[in-house]
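**Student:** this one's sequence-less:
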Ligand SMILES: Nc1ncnc2c1ncn2[C@@H]1O[C@H](COP(=O)(O)OP(=O)(O)O)[C@@H](O)[C@H]1O
Ligand SMILES: Cc1ncsc1CCOP(=O)(O)O
């Protein structure tokens with residue numbers, strides 16, 4: 001194991017004390033953590049005799065070697081030498097660094113604890129390979145902590161060693177899922193950032209160490225990737241490594257009934273991602289093939305009458321067996337033959353995923369406004385229109401819909417995502433859409449718990465492989481791109497199976513926001529002041545990017561980060577919305593009326609509304625513009641707010657009430673906004689049947 005290449009991103013420090021481990025077996029817990037994605041292990045045993053420690057280290061080393069993860073021994077150079085593991089970690093009070101280096105030689109890893117800039121400088125000058133910087137937060141695991149650094153203290157240390165770019169760094173002390181991203185982002189300087197987080201109890205004491213490690217791995221991986229959206233959306237993306245790995249491990253059967261053009265290419269793509277392809281066009285074979293619990297791709301790229309009959313037979317067989325079907329209506333908008341085939345197939349059974357380019361999805365929706373020329377992708381819709389179209393189609397068909405193009409839009413009817421990965425070469429080769437369908441089929445086969453996450457995993461695997469391939473020196477155009485693309489699909493799968501998730505740092509995924517966009521467009525038209533807050537921005541993320549164009553500085557009167565759940569905090573409560581209740585004045589006209597959109601309905605929205613009501617404001621809650629990750633919370637929160645005196649209404653109703661009269665100058669603009677977003681409104685309102693909002697369609701407040 002070359003020490004320069006060690007991945008420190010999720011560094012596990014062991015603790016076998018019963019108060020941490022309970023009754024569980026030490027090795028089983030560490031192995032579960034390795035399965036979950038731990039990238040480096042330090043054996044830390046403060047008690048016990050040398051013989052026993054060597055035995056433990058030897059057994060642990062056997063395990064870590066299977067995962068190609070380095071094992072370091074805390075404090076005990078002799079033990080590291082005895083088991084010939086990858087190195088040691090020494091504290092400030094342990095053996096000196098020069099002595100350790102002399103005993104271990106240049107190739108072993110030596111890490112040193114540092115809690116001040118001076119200690120850090122001395123260690124890096126002395127040749128430490130990495131620093132364990134801490135203690136970041138107070139922790140039960142180590143009582144004799146010298147300094148509680150906080151992320152800022154870690155940052156000072158990173159700054160102190162900025163002229164030593166080769167030395168690697170992890171932080172330690174009280175790190176867990178809640179604070180990992182905070183410390184990683186807040187400690188980063190323009191010159192360097194931490195290479196990883198070191199944890200003890202967050203994994204060793206976790207009830208499910210595998211899942212705990214997996215979640216930590218995803219938090220560190222997505223540090224530099226562009227995932228914008230709600231926590232629920234980030235959860236979708238954080239399952240991607242496990243999905244790619246599950247395809248690799250389970251080798252699902254991908255039964256392709258595909259067109260004559262891409263049969264060979266699709267089979268090669270399936271093999272590259274780890275699936276087992278079978279290209280079978282005989283409908284009667286489906287009855288046997290569906291028993292393997294893989295998935296079926298129906299791609300009508302070169303449909304004819306006989307093929308159509310076979311597709312219908314296979315679709316019915318897979319539906320009966322409850323095994324997933326991915327449908328690719330290739331060229332569906334091009335000819336009447338294809339439109340009829342599309343109708344026959346949609347009527348014949350259920351498709352778990354419908355994937356197509358813009359024209360194809362339009363054909364599925366029944367929109368014949370654009371005549372597709374051939375099978376190629378072209379676009380006339382805005383991003384917002386695409387998002388609305390896939391979301392509505394997904395909702396009505398109760399399926400996952402994917403619309404591909406320069407950006408891809410994916411929806412399950414409630415959650416809608418935009419993915420901007422990929423490369424223009426994909427549009428210059430034949431079969432890129434078709435083979436994305438094959439890739440999706442493998443993912444949905446292994447990930448029945450969340451088809452949306454499976455589809456996102458497949459798209460990211462596919463499109464990031466394309467980006468990496470296109471950037472290679474040996475790729476000079478679409479021709480040389482194809483073999484490189486297959487190689488990179490394969491490499492991503494292999495790397496992911498070994499826990500190397502660096503490829504995912506390229507992920508660019510955004511949560512699509514509908515009602516809040518409409519409300520903000522309306523506010524812009526009527527020049528209504530806007531107040532924006534985020535809850536703990538560094539940890540939970542900034543206001544989603546799609547809203548930024550609708551937040552002009554002329555209207556945004558406050559944009560605050562907060563830790564209190566209510567938005568009614570200074571200066572909003574003191575300068576902008578002073579206390580009105582005791583005043584005899586009804587308030588400054590419309591300024592006394594406040595409409596709220598955002599998340600979470602039962603937390604920030606509720607507390608803001610209650611504070612504003614108490615302060616004497618008239619509060620409108622836009623029911624189709626608030627949500628909670630747990631959608632069951634929403635109706636309860638809305639009922640409570642209604643009883644407390646808030647007006648719970650819809651975005652459209654509120655907008656018309658604000659205008660009051662169609663004679664106002666802005667009426668035409670508003671009608672345009674209402675028309676543009678009619679599909680969104682209809683779709684979101686359908687989710688409100690029963691009086692509550694569907695989840696995820698709103699911004700952070
Ligand atoms: N200009 C582009 N930039 C990045 N990715 C692209 C581009 N054009 C197409 N893709 C990607 O290529 C794949 C196929 O999409 P598309 O060309 O729309 O499908 P089809 O081949 O079915 O017409 C998708 O993964 C899509 O994101
Ligand atoms: C060229 C062609 N003709 C019929 S199917 C087909 C392949 C279409 O591939 P994709 O839609 O994936 O680009």
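**Tutor:** The structure has been received and is ready for your questions. Here the structure is a predicted model, which means the values were calculated and not measured. Ligands and ions are numbered 1, 2, ... in the order given.
**Student:** show me what from the chain comes close to ligand 1.
**Tutor:** 357, 376-377, 404-406, 408, 422-424, 426-427, 432-433, 436, 462-463 (C-beta under 6 Å from any ligand atom). Backbone N, C-alpha and C define where each C-beta goes, glycine included.
**Student:** restricted to strands, list these.
**Tutor:** The strands, defined by DSSP state E, take in 357, 404, 408 from the residues of the chain next to ligand 1.
**Student:** name the nearest residue to residue 436, ignoring sequence neighbours.
**Tutor:** residue 462 (5.3 Å; C-beta to C-beta, 6 or more residues apart in numbering).
**Student:** go ahead and confirm that neighbour touches residue 489.
**Tutor:** Yes: taking contacts as C-beta atoms under 8 Å, residue 462 lies within contact range of residue 489: 7.0 Å.
**Student:** next, residue 672: phi, psi?
**Tutor:** phi -60, psi -40 (degrees, to the nearest 10).
**Student:** what's the burial count for it?
**Tutor:** 12 (other C-beta atoms under 10 Å).
**Student:** tell me how far it lies from residue 521.
**Tutor:** Computed as C-beta to C-beta, to the nearest Å, the residue 672 to residue 521 distance reads 9 Å.
**Student:** how about the residues of the chain by ligand 2?
**Tutor:** 259, 261, 262, 301, 302, 330, 375, 430, 431, 432, 433, 434.
**Student:** at 8 Å what do you get?
**Tutor:** Proximity of the chain to ligand 2, by C-beta under 8 Å from any ligand atom, involves residues 259-262, 299, 301-302, 328, 330-331, 357, 374-377, 429-437.
**Student:** from these, keep the buried residues only.
**Tutor:** Among these, those scoring as buried are 259, 261-262, 299, 301, 328, 330-331, 357, 375, 377, 430-437 (criterion: 16 or more other C-beta atoms under 10 Å).
**Student:** next step: those residues restricted to helices.
**Tutor:** 432, 433, 434, 435, 436, 437 (DSSP state H).
**Student:** do I have it right that the last one meets residue 357?
**Tutor:** No: distance between residue 437 and residue 357: 11.3 Å, which falls outside the contact criterion (C-beta under 8 Å).
**Student:** is the nearest residue to residue 374 once chain neighbours are set aside part of a helix or strand, or is it coil?
**Tutor:** Nearest residue to residue 374 in three dimensions, chain neighbours excluded: residue 334, at 6.0 Å (C-beta to C-beta, 6+ apart). Put simply, residue 334 is coil when judged by DSSP: H, G, I helix; E, B strand; the rest coil.
**Student:** tell me how far residue 334 lies from residue 363.
**Tutor:** 8 Å.
**Student:** got any residues that touch both of those two?
**Tutor:** residue 372 (C-beta atoms under 8 Å, 6 or more residues apart in numbering).
**Student:** who's more crowded, the two?
**Tutor:** residue 363 (22 against 18).
**Student:** could you identify the helix or strand that succeeds the helix or strand hosting that one?
**Tutor:** Using DSSP states H and E, residue 363 sits in helix 358-365. Using DSSP H and E, the helix or strand that follows helix 358-365 towards the C-terminus is helix 383-397.
**Student:** and the angle from that following helix to helix 358-365?
**Tutor:** Counting by axes from the mean of the first three to the mean of the last three C-alpha atoms, to 10 degrees, helix 383-397 points 40 degrees away from the direction of helix 358-365.
**Student:** and the top strand by length along the chain, which strands flank it?
**Tutor:** Ranked by number of residues, the top strand in the chain under DSSP E is strand 618-627. Strand pairing for strand 618-627, determined by DSSP bridges: strand 593-599 (parallel), strand 647-649 (parallel).
**Student:** can you give the domain ranges for this structure?
**Tutor:** 3-224, 240-511, 514-699 (automatic domain parsing).
**Student:** highest average neighbour count across these?
**Tutor:** A comparison of the domains of the chain by mean neighbour count, using mean count of other C-beta atoms under 10 Å, puts domain 240-511 on top with a mean of 21.
**Student:** looking at stretch 2-18 now, give me its mean pLDDT.
**Tutor:** Here stretch 2-18 scores 92 as its mean pLDDT.
**Student:** so which residues of the stretch 501-650 of the chain form strands?
**Tutor:** Applying DSSP state E, counting those that start in this stretch to the stretch 501-650 of the chain gives strands spanning 508-511, 530-535, 556-562, 593-599, 618-627, 647-649.
**Student:** ok, back up a step: tell me how far the residue nearest to residue 436 lies from ligand 2.
**Tutor:** 12 Å (C-beta to the nearest ligand atom, to the nearest Å).
**Student:** local confidence estimate at that residue?
**Tutor:** On the pLDDT scale, residue 462 gets 98.
**Student:** now do the contacts for residue 436.
**Tutor:** Here residue 436 is in contact with 355, 404, 458, 459, 462 (C-beta under 8 Å, 6+ apart).
**Student:** which of those residues fall in helices?
**Tutor:** Filtering the contacts of residue 436 for helices - DSSP H - leaves 458, 459, 462.
**Student:** separation between the residue found closest to residue 240 once you drop the neighbours it is linked to in the chain and ligand 2?
**Tutor:** Residue nearest to residue 240 in three dimensions, not counting chain neighbours: residue 457, with 4.3 Å by C-beta to C-beta, 6+ apart. Plainly put, residue 457 is 20 Å away from ligand 2 if you go by C-beta to the nearest ligand atom.
**Student:** surely residue 457 meets residue 243?
**Tutor:** Yes: Residue 457 is within contact range of residue 243, at 3.4 Å (criterion: C-beta under 8 Å).
**Student:** any common contacting residues for these two?
**Tutor:** 443, 447.
**Student:** need the strands paired with strand 618-627 in a markdown table with mean pLDDT, can you?
**Tutor:** Listed next are those as a markdown table, based on pLDDT from 0 to 100:
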| stretch | mean pLDDT |
| --- | --- |
| strand 593-599 | 89 |
| strand 647-649 | 91 |
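**Student:** thinking again about what came up before, return the member of the strands of the stretch 501-650 of the chain having the minimum mean pLDDT.
**Tutor:** Minimum mean pLDDT among the strands of the stretch 501-650 of the chain: strand 508-511, a mean of 79.
**Student:** just checking: what are the partner strands of it?
**Tutor:** Here, using DSSP bridges, strand 508-511 pairs with strand 226-228 (parallel), strand 416-419 (antiparallel).
**Student:** these: lowest mean pLDDT?
**Tutor:** strand 226-228 (a mean of 47).
**Student:** what's the helix or strand hosting residue 101 packed up against?
**Tutor:** Here residue 101, judged by DSSP H and E, is contained in helix 97-104. For helix 97-104, the elements it packs on are helix 77-83, strand 87-90, strand 109-114, judged by 3 or more C-beta pairs under 8 Å, 6 or more residues apart in numbering; DSSP states H and E.
**Student:** now do 10 Å
**Tutor:** With contacts defined as 3 or more C-beta pairs under 10 Å, 6 or more residues apart in numbering; DSSP states H and E, the secondary structure elements packing on helix 97-104 are helix 77-83, strand 87-90, strand 109-114, helix 117-125.
**Student:** on that earlier part again, okay, the contacts of residue 436 in TSV with distance to residue 155 next?
**Tutor:** Shown next, in TSV, are the contacts of residue 436 (distance: C-beta to C-beta, whole Å):
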residue	distance to residue 155
355	44
404	41
458	38
459	35
462	37
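**Student:** pick the one among those residues closest to residue 54.
**Tutor:** residue 458 (46.0 Å; C-beta to C-beta).
**Student:** can you verify my assumption that the closest one contacts residue 353?
**Tutor:** Yes: Residue 458 is within contact range of residue 353, at 9.3 Å (criterion: C-beta atoms under 10 Å).
**Student:** tell me how far the ends of stretch 522-534 are from each other?
**Tutor:** Across stretch 522-534, the terminal residues are separated by 21 Å (C-alpha to C-alpha, to the nearest Å).
**Student:** ok now it, how far from the chain's centre?
**Tutor:** Distance of stretch 522-534 from the chain centroid (C-alpha atoms, centre = their mean, to the nearest Å) equals 28 Å.
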